[in-house]
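Novice: I'll drop the sequence and a predicted model, then ask my questions.
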Amino acid sequence: MPWAAVGQSSRLQTLIPVDRLSHADRSVCDLRIREGNMYQNSRRIAACRQCAAWVDLNQRDGTCRRHAPQAGDTPDEVAHWPLTHTDDWCGEGLAATSTVQHEVRCEACVYWRRPPDGLFPYGRRDQLSEWWRHAGHCTRFSPLPLPVPGVRAFWRVTHATDGCFDGEAKQS
Ligand code: SF4
């Protein structure tokens, strides 16, 4: 059963089942039923093209910056932002007008750890030396438990100009 957020502001919205909406509420909520899925203008659910965390690459695809990268099991892995389609959506989208959360750039984030001269990993992976000079580790999330013992965890690498909505800006 799809639910809809009803209310004048995102902070005061109430979730109620769609089949109990009045005609007026339906128009207020700007519901669009499409292929069995529901899109709506709310802080909780938004199509990627409507989401503040989506970076448009070519009007069809973009990258999702909603969350910071998880830790991995290989040193100095580059965190690649996942591609999504403009019509995709999820339950953690943020309406572009949301004032609740803001994107934080890595270079301004308390969770970003960069040695003074940047990183110099073996093999450089798929980035140039110049990119690595402005790279650091994102330590936003602790490593997740694994089903096997003894696996070492490593935080993934982002560039100074990357950013996400899990970051926290340093106090100036
Ligand atoms: S902004 Fe902060 S939390 Fe987000 S990717 Fe960069 S370092 Fe990680």
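Specialist: Arrived safely, thanks for sending. As the structure is a computational prediction, the values presented were derived from the model and not from experiment.

Novice: Leaving out sequence neighbours, find the closest residue to Pro82.
Specialist: Among residues not flanking Pro82 along the chain, Cys64 sits closest, at 5.2 Å (Cβ to Cβ, 6 or more residues apart in numbering). Quick note: C-beta positions are derived from backbone N, CA and C, even for glycine.

Novice: Kindly apply the preceding question to Gln70 instead.
Specialist: Among residues not flanking Gln70 along the chain, Phe141 sits closest, at 5.6 Å (Cβ to Cβ, 6+ apart).

Novice: what about the one you found, distance to Gln101?
Specialist: Look at Phe141 and Gln101: by Cβ to Cβ, to the nearest Å, they are 16 Å apart.

Novice: sorry, back to before: my read: the residue nearest to Gln70 touches Gly72, true?
Specialist: No - counting by Cβ atoms under 8 Å, Phe141 stays clear of Gly72, with 11.0 Å between them.

Novice: quick one: contacts for Ala52?
Specialist: Counting by Cβ atoms under 8 Å, 6 or more residues apart in numbering, Ala52 touches Leu94, Ala95, Ala96, Thr97, Ser98, Gln101, Glu103, Phe165.

Novice: show me what contacts Ala108?
Specialist: Neighbours of Ala108 in contact, by Cβ under 8 Å, 6+ apart: Gly167, Ala169, Lys170.

Novice: Hmm, I typed the wrong one, I wanted Asp61.
Specialist: Counted by Cβ under 8 Å, 6+ apart, Asp61 has contacts Leu83, Thr84, His85, Thr86.

Novice: let's see it at 10 Å
Specialist: Cys48, Trp54, Leu83, Thr84, His85, Thr86, Asp88 (Cβ atoms under 10 Å, 6 or more residues apart in numbering).
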